[in-house]
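Peer 1: just to be clear, the model below is a prediction. Sequence and coordinates:
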Amino acid sequence: MSHSTSLLLLGVLLFSVTSIAHDHSPEQNAFKLEKFQESLKESTWLEKYGPQIDQSFSGPLSFSHLPYTRCLENEETKFDIAILGMPFDTAVTYRPGARFGPYAIRSGSRRQREARGYTLSWAKDPFAEGVKIIDCGDVPVNPFDNALAIDQMEVAYSTLLRRALATPERAKGAMLNPHPRIISLGGDHTIVLPILRALNKVHGPISVIHFDAHLDTWRSYPGAVTNQSRVTHGTFFAVAQEEGLISDTSIHAGIRCKLEGEEDLENDESVGFQLISGDDIDDLGIPEIIRLIRKRIGDSPVYLSLDIDVIDPGLAPATGTPEAGGWTTRELKRILRGLAGLNLVGADIVEVAPAYDNAEITGIAAADLVHDFLMMFLSDHPPTKRKAREDPRDEL
C-alpha cells in the first residue's frame, strides 16, 4: 500500500469517528428520541383511512371484485352461483384468441362490484339478494390435447354442480333444485359440449337458448377424419344431439351467417332448433322475439349460451368469426330481461377474443351481460317497466 493511500484511509477513518461522535451527542440523541416518540403517536393506515379497499382499477382480478376461490381444489367451498373461466380456444375455424376471454371479461367487469350492483333496468341488485356468488377461477385446460381439455371441462363442471348450495333457504327459480348454477366464461363455443354432458347427468336432456350469428349445428367440417376432429365450435350442438344431451325444444336467436343452402336449415331443424334471424328484430320487434323464445322453452330446464358475435362487430369487435349486421348491445340486453323467470340451469358467454378489441369495449359489454345473467338467475319474472319521466317541458 502506498504512503498516499494510507493517508487517505486514515483521513476517512478520522472523519467517520468524528461524525459518529457528533451524531451521538446528547442533544442529537434527545432530538431523535423525541421524533421517534412522535412517530409512535401517528395513526396507522387502518386508524386513519379504514380498510384497504380495492378501487375499480386496482386489486386482484376477479369478476366484479367477487371473492376468488380455487373451487376445484377447495372442495369444502360452497356457493349458490359460481363464475367459472374456461380458457379453451383450440377448436375454432377462423381466428383464435378466446382463451384470453375469461381474463378480458373479468377485466371488463372491474367497474362492477358488490357495493354498486343496482341497475335501473332490473330495479334490483344481484349481490343484495342474500345468495353467495363467487369467482371460482379458471379450469386449467390442456392447450395441446382437445380430447383431454374437453374431459377436464366436463369433470370441472360436474364437480361444481355436485356442491351443496351455500344458502338453500334463499334459493329462487331453478335454484330450488339442490344444485348450484354456473356462469361459464369462454373460451370458444366448444366449451358447451362438456357443459351439456355435465348437466345431462343432473337434468337429463335440456332445452337451449342460443344467441349467436351462426347455427353451430353442422355435422362436421371438411378435413374432419377422426371423431375428435368433428368436435369444433361449429359442430358441438350436432354432437350433443347425437349424444341425447338436448331436447327438440331449443331455439337460436340472432342468426345471420352465410350458409351452404336450405340443407343447412333442414339439418338445423333435425338437431332440434327453431330459428330467429338477425333481421327478425326489425320485422317482429323485441317483444315478439321474447314471446317466441318463451313459448318455445316453456317450463323445461333450459341452458342459455351466448356467443358475443350475436352483437354487431361495430359494438363488439373482439371475436373470432365476426358477422356484419348484428344486434346492438341494448337490444340484446332487453331480450335477456324479457327471459327472466325461465327455468335456467346455467349460462355462458363465449368467443370473446380480446386481441381484436378496442378500448375493451367487447370485454365491458360481455361483463355487463354476465351481470344480466345473474339477475336472470335470481328473478322469478321479467322486471316491470319503469315509470316514464314526466315531460320536462311541463316544468317550463
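Peer 2: Yep, that arrived.
Peer 1: please make it C-alpha for all contacts and neighbour counts, starting now.
Peer 2: Will do.
Peer 1: which residues touch Pro126?
Peer 2: Gly117, Tyr118, His371, Leu374, Met375, Leu378 (CA atoms under 8 Å, 6 or more residues apart in numbering).
Peer 1: tell me how far it lies from Ala365.
Peer 2: Using CA to CA, to the nearest Å, one gets 18 Å for the distance from Pro126 to Ala365.
Peer 1: can you check Leu160 too?
Peer 2: 26 Å.
Peer 1: please apply the same query to Ser270.
Peer 2: Taken as CA to CA, the span from Ser270 to Ala365 is 33 Å.
Peer 1: what about the two, which has more around it?
Peer 2: Ala365 (21 against 14; other CA atoms under 10 Å).
Peer 1: other SSEs contacting the helix or strand hosting that one?
Peer 2: Using DSSP states H and E, Ala365 maps to helix 361-377. In terms of contacts (3 or more CA pairs under 8 Å, 6 or more residues apart in numbering; DSSP states H and E), helix 361-377 is packed against helix 101-108, helix 329-338, strand 344-350.
Peer 1: now render the ones you listed as CSV, adding mean pLDDT and distance to Trp218.
Peer 2: Formatted as CSV, the helices and strands packed on helix 361-377 follow (pLDDT from 0 to 100; distance: least, CA to CA, whole Å):
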stretch, mean pLDDT, distance to Trp218
helix 101-108, 98, 24
helix 329-338, 98, 25
strand 344-350, 97, 18
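Peer 1: save these as TSV, and put in distance to Ile308 and mean neighbour count too.
Peer 2: Formatted as TSV, those follow (distance: least, CA to CA, whole Å; neighbours: other CA atoms under 10 Å):
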stretch	distance to Ile308	mean neighbour count
helix 101-108	11	26
helix 329-338	10	17
strand 344-350	6	26
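Peer 1: for Leu199, which of those is the nearest?
Peer 2: strand 344-350 (8.2 Å; CA to CA).
Peer 1: and the angle for the closest one with helix 101-108?
Peer 2: Comparing the axes of strand 344-350 and helix 101-108 via axes from the mean of the first three to the mean of the last three CA atoms, to 10 degrees yields an angle of 90 degrees.
Peer 1: got the contact list for strand 344-350?
Peer 2: For strand 344-350, using CA under 8 Å, 6+ apart, the contacting residues are 98, 101, 173-175, 181-189, 301-308, 366, 370, 373, 377.
Peer 1: could you give the bridge partners of Pro209?
Peer 2: In this structure residue 209 is Ile, not Pro. Residues in a beta bridge with Ile209, per DSSP bridges, are Ile251, Leu304.
Peer 1: now the strands for the stretch 51-200 of the chain?
Peer 2: 81-86, 133-138, 181-186 (DSSP state E, counting those that start in this stretch).
Peer 1: and those strands as TSV, adding distance to Glu169?
Peer 2: Shown next, in TSV, are those (distance: least, CA to CA, whole Å):
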stretch	distance to Glu169
strand 81-86	14
strand 133-138	15
strand 181-186	15
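Peer 1: got a markdown table for the helices and strands packed on helix 361-377, with distance to Pro26 too?
Peer 2: A markdown table is the format used below for these (distance: least, CA to CA, whole Å):
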| stretch | distance to Pro26 |
| --- | --- |
| helix 101-108 | 57 |
| helix 329-338 | 73 |
| strand 344-350 | 71 |
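Peer 1: and Lys258, which of the ones you listed is closest to it?
Peer 2: Short answer: strand 344-350, nearest of these by CA to CA, at 20.2 Å.
Peer 1: direction included, what does that closest one pair against?
Peer 2: Counting by DSSP bridges, strand 344-350 is paired with strand 181-186 (parallel), strand 302-307 (parallel).
Peer 1: wait, isn't Ile364 in contact with Tyr103?
Peer 2: No: using CA atoms under 8 Å as the test, Ile364 is too far from Tyr103 to be in contact (11.4 Å).
Peer 1: how close does Ala104 sit to Asp368?
Peer 2: 12 Å.
Peer 1: what does Lys41 give?
Peer 2: 46 Å.
Peer 1: looking at the two now, which is surrounded by more residues?
Peer 2: Asp368 (19 against 8).
Peer 1: quick check, pLDDT for that one.
Peer 2: With respect to pLDDT, Asp368 scores 98.
Peer 1: any idea how far Arg296 is from Val271?
Peer 2: 15 Å.
Peer 1: where does pLDDT dip in the protein?
Peer 2: The model of the chain has pLDDT under 70 over residues 1-24, 36, 170-177, 388-396.
Peer 1: pull the distance from stretch 63-71 to the chain's centre.
Peer 2: 11 Å (CA atoms, centre = their mean, to the nearest Å).
Peer 1: revised request: answer the last question for stretch 296-309.
Peer 2: 17 Å.
Peer 1: need the residues that contact that stretch.
Peer 2: Counting by CA under 8 Å, 6+ apart, 174, 189, 192, 203, 206-213, 249-251, 316, 319, 321-323, 326, 342-352, 366 sit against stretch 296-309.
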